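Peer 1: this one's structure only:
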């Protein structure tokens, strides 16, 4: 085994947690708590693959990666809790509220008005929570 | 009726066709041809609503709007012809091939590896067509 | 600009609001309220495109359009609030409770028994609210 | 066992085949041929449940049932062969081409423009086949 | 009509109720109650087709059939109430909690991490209810 | 870094390729070829995460994992190429043709008859290819 393999192995989890902390400082603990009783290994996979492998790649900024994830989850429409996490994450990595609203309105043409409306309602809740936190 | 209403009405179609021409110079004619026999009004709605109303809004660049649409269509997985149009459109408005590949790989975590693989295969076809055209 | 363009432009929003009032007298205000803080323009698009452009077309009755929308939303299964609005709308434009139940039961064969069950549960809630209102 | 139970049992398959013949005279043989090698019992279930149980119910006309099925399949977007069968069936039970086009255009607002476009393309193919057959 | 047809007809409902009782002793009454006001015939179809026709077939064990249903419902992600019923049913027909967790974690690769997380959260709720019941 | 971490890192790819070879001896090369021009890293992720991390876990047999994947992909209905790969894989790890047919027929109740029909058609093609190969 080469040092490089060694290094990349060890860093996967570390880098995933770093990327996750950048997009949402509470997400690591929330995921660990949610999965603790049921599937603790799954928390590790979540840190390692989407965040350590994909979000850590250099080809796209974290801001752009949140655009991608918000659009995908709003289109699918079956993962509101995760959509809300990524709307909050989008705010943390540089998307404005107006940009997030634009992304969600654009869904009307590609996944239908109900998908857009439900995404906008999720954003309304996240924006209200963020405003309350910052009071 | 105010001049503004007048103006905004008339410009909806015009602006939609302008935005569409920016993302894909052949799309207007392709849509008109495809819908000619079956639903010519639908071509107009397509120019007016997603492009004249949404893509024309100032809050998000055309490049970002293509990130949104590519992510949504790859996640849904049931609209490969439109995904290919928007992969080509993404190239036309400033996305690099590598950025498009990153968007599609990111789908593995949010819509599954098959959705990502099928998106990457669609990109491979579009990239090959674009390369052939530019020879 | 011709008078016709003028007219059709101005009427899009007006006609959308008329169609919406026919299917649900409270929907306009509900949508405006829901979108007020987050995306007020989106309420306008909703009135203009699905209702002013599509529902207003002469080729299909409002009753048939509600059959279409109830079937589509029950099949997709990811838009229960909108499904409930359109079940209520169906009652307002001439669908009987029995016809709505038939539409939803038919989903068992095309989108699966869970989609049908969830649609029927949504209908049960709407029918109970309507009965309570009319007491 | 009562005569009624007896009767309803025997008639399920018979009535399903009658309803299917009304919407598409070739469908029975096509389904039998398609499933012959792989799952012949599945052809029987298809005749019995969606057609013998559901389509045979009195609460909705065959014309309305085809409106429901076309809308659901166009919204789901993952069953083009079956959508084409039901577009043809719609024509056979009294839907006009224009009404089918209206149903499919309405999908733009509930499942997105790509779902509507793909449904309209399916209709274009079916209409062309029907026109060719009638020459 | 032969005795066999007679027999198979009469047994469809009986056998469906037997299979359903094996996977969940409360399901029959729950379904009857849920559908009583809105669509009592639909309860009968549910007992007859998925359970009397399909679950009763000899080619796959009830344990394997629950693997199939849990995977399908977790992938679709739009039928959480039914997913919870079938997670409980899986426990009743021999799946261990660990096996159910494995099925749901595997969804991360095929339907995305959010689908897997939502499935695992549903399982956490069911496991807690089952533990509380057995106290 | 501990030896264990080292070991687990190095084995992820190795174990993923071993599991993949067990379910389909041609898949590794097919994936490498398909992704070579467009996204070679994605082939690695595919070997590492779904196969090295998930399929390699001890809690579920490879045979059961293929039941899970076939059910999920047939339910989603938007990944026919991958469904065909996993139908072939199911045969390789101990599922009989009849068991695969049962899994796909069961989809009629959970994702609709069209999803089941399209899955059965995919199976028919795979079974024919396998029979031809073994002549």
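Peer 2: Sure thing, it's come through. For clarity, every value in this text was computed on a predicted model and none was experimentally measured. Residues are numbered from 1 along each chain as shown, chains lettered A, B, ... in the order given.
Peer 1: okay, CA-based contacts and neighbour counts for the rest of this
Peer 2: OK.
Peer 1: is residue A:25 in a helix, a strand, or coil?
Peer 2: coil (DSSP: H, G, I helix; E, B strand; the rest coil).
Peer 1: chain A against chain E: which residues are in contact?
Peer 2: For chain A, the residues in contact with chain E (C-alpha under 8 Å from any C-alpha of the partner chain) are A:34-35, A:37-39, A:42, A:46, A:78-79, A:82.
Peer 1: can you pick the most crowded of those residues?
Peer 2: Neighbour tally across those (other C-alpha atoms under 10 Å in any protein chain shown): the maximum, 25 neighbours, falls on residue A:42.
Peer 1: and the nearest residue to residue A:92 once chain neighbours are set aside, how many neighbours does it have?
Peer 2: Spatially, and ignoring its direct neighbours in sequence, residue A:92 is nearest to residue A:23 (5.7 Å; C-alpha to C-alpha, 6 or more residues apart in numbering or on different chains). Residue A:23 has 23 neighbouring residues, counting by other C-alpha under 10 Å.
Peer 1: so the nearest residue to residue A:38 once chain neighbours are set aside: helix, strand or coil?
Peer 2: Distance criterion C-alpha to C-alpha, 6+ apart; nearest residue to residue A:38, sequence neighbours excluded, is residue E:124 at 6.1 Å. Here residue E:124 is helix, with the state taken from three-state DSSP.
Peer 1: so which of the residues of chain A next to chain E sits lowest on pLDDT?
Peer 2: The lowest pLDDT within the residues of chain A next to chain E belongs to residue A:78, with 89.
Peer 1: next one, pLDDT for the residue nearest to residue A:38 please.
Peer 2: 98.
Peer 1: list the contacts for the residue of chain A found nearest chain B?
Peer 2: Nearest residue of chain A to chain B: residue A:72, at 4.7 Å (C-alpha to the nearest C-alpha). By C-alpha atoms under 8 Å, 6 or more residues apart in numbering or on different chains, residue A:72 lies in contact with B:68, B:71-76, B:107, B:110-111.
Peer 1: let's see 10 Å
Peer 2: Contact analysis of residue A:72 by C-alpha atoms under 10 Å, 6 or more residues apart in numbering or on different chains lists A:66, A:79, A:83, A:107, A:111, B:68-76, B:106-107, B:110-111.
Peer 1: which one is it nearest to, not counting chain neighbours?
Peer 2: Nearest non-adjacent residue to residue A:72 (C-alpha to C-alpha, 6+ apart): residue B:72, at 4.7 Å.
Peer 1: helix or strand for that neighbour, just tell me which one.
Peer 2: For residue B:72, the host element (DSSP states H and E) is helix B:62-76.
Peer 1: list the buried residues for the following helix or strand past that helix?
Peer 2: For helix B:62-76, the succeeding helix or strand toward the C-terminus, using DSSP H and E, is helix B:80-92. Under the neighbour-count criterion of 16 or more other C-alpha atoms under 10 Å in any protein chain shown, helix B:80-92 has B:80, B:82-92 buried.
Peer 1: kindly report the same for stretch A:120-133.
Peer 2: Judged by neighbour count using 16+ other C-alpha under 10 Å, the buried positions of stretch A:120-133 are A:120-124, A:126-127.
Peer 1: is it true that residue A:51 touches residue A:27?
Peer 2: No. Residue A:51 is beyond contact range of residue A:27, at 11.6 Å (criterion: C-alpha atoms under 10 Å).
Peer 1: need the residues touching each of these two.
Peer 2: With C-alpha under 10 Å, 6+ apart as the test, residue A:51 and residue A:27 both reach A:17, A:20.
Peer 1: and the two? Which one has more around it.
Peer 2: Per other C-alpha under 10 Å, whichever of residue A:51 and residue A:27 has more neighbours is residue A:51, with 23 against 17.
Peer 1: surely residue A:40 and residue A:33 touch.
Peer 2: Yes. The pair residue A:40 and residue A:33 passes the contact test of C-alpha under 10 Å, sitting 8.7 Å apart.
Peer 1: state the mean pLDDT of the helix holding residue B:72.
Peer 2: Across helix B:62-76, the average pLDDT comes to 98.
Peer 1: what's the spacing between residue A:44 and residue E:121?
Peer 2: Taking C-alpha to C-alpha, to the nearest Å as the measure, residue A:44 falls 16 Å from residue E:121.
Peer 1: below-threshold pLDDT in chain A: ranges please.
Peer 2: Residue ranges of chain A with pLDDT under 70: A:1-10.
Peer 1: from the contact counts, what lies against the particular helix or strand that has residue A:116 in it?
Peer 2: Per DSSP H and E, residue A:116 falls inside helix A:113-133. Where contact means 3 or more C-alpha pairs under 10 Å, 6 or more residues apart in numbering or on different chains; DSSP states H and E, helix A:113-133 is packed against helix A:62-76, helix A:80-92, helix A:97-111, helix C:27-35, helix C:40-46, helix C:80-92, helix D:97-111.
Peer 1: now do 7 Å
Peer 2: In terms of contacts (3 or more C-alpha pairs under 7 Å, 6 or more residues apart in numbering or on different chains; DSSP states H and E), helix A:113-133 is packed against helix A:62-76, helix A:80-92, helix A:97-111, helix D:97-111.
Peer 1: how about residues contacting it?
Peer 2: When contacts are defined by C-alpha atoms under 7 Å, 6 or more residues apart in numbering or on different chains, helix A:113-133 is touched by residues A:74-75, A:77, A:84, A:87-88, A:101, A:104-105, A:107-108, C:38, C:79, C:82, D:109-110.
Peer 1: stretch A:54-66 and chain B, any residue contact?
Peer 2: Yes. Residues of stretch A:54-66 are located near chain B by C-alpha under 7 Å from any C-alpha of the partner chain, namely A:54, A:59-60.
Peer 1: pick the one among those residues closest to chain E.
Peer 2: Nearest to chain E among the residues of stretch A:54-66 next to chain B is residue A:54, at 12.9 Å by C-alpha to the nearest C-alpha.
Peer 1: just to revisit the earlier point, which one among the contacts of helix A:113-133 gets closest to residue E:15?
Peer 2: The closest of these to residue E:15 turns out to be residue C:79 (C-alpha to C-alpha; 34.6 Å).
Peer 1: contact partners for that closest one?
Peer 2: If you count contacts by C-alpha under 7 Å, 6+ apart, residue C:79 has them with A:114-115, C:73.
Peer 1: got it, and residue A:31?
Peer 2: Neighbouring residues of residue A:31 by C-alpha under 7 Å, 6+ apart: residue A:43.
Peer 1: for residue A:85, see how far away it is.
Peer 2: From residue A:31 across to residue A:85, the span is 11 Å (C-alpha to C-alpha).
Peer 1: what's the answer for residue A:104, then?
Peer 2: Computed as C-alpha to C-alpha, the residue A:104 to residue A:85 distance reads 15 Å.
Peer 1: assign residue A:94 to helix, strand or coil.
Peer 2: For residue A:94, the assignment made with three-state DSSP gives coil.
Peer 1: how about the contacts made by the nearest residue to it once chain neighbours are set aside?
Peer 2: Nearest non-adjacent residue to residue A:94, counting by C-alpha to C-alpha, 6+ apart: residue A:63, 6.0 Å away. Shown in contact with residue A:63 (C-alpha under 7 Å, 6+ apart): A:90, A:93-95.
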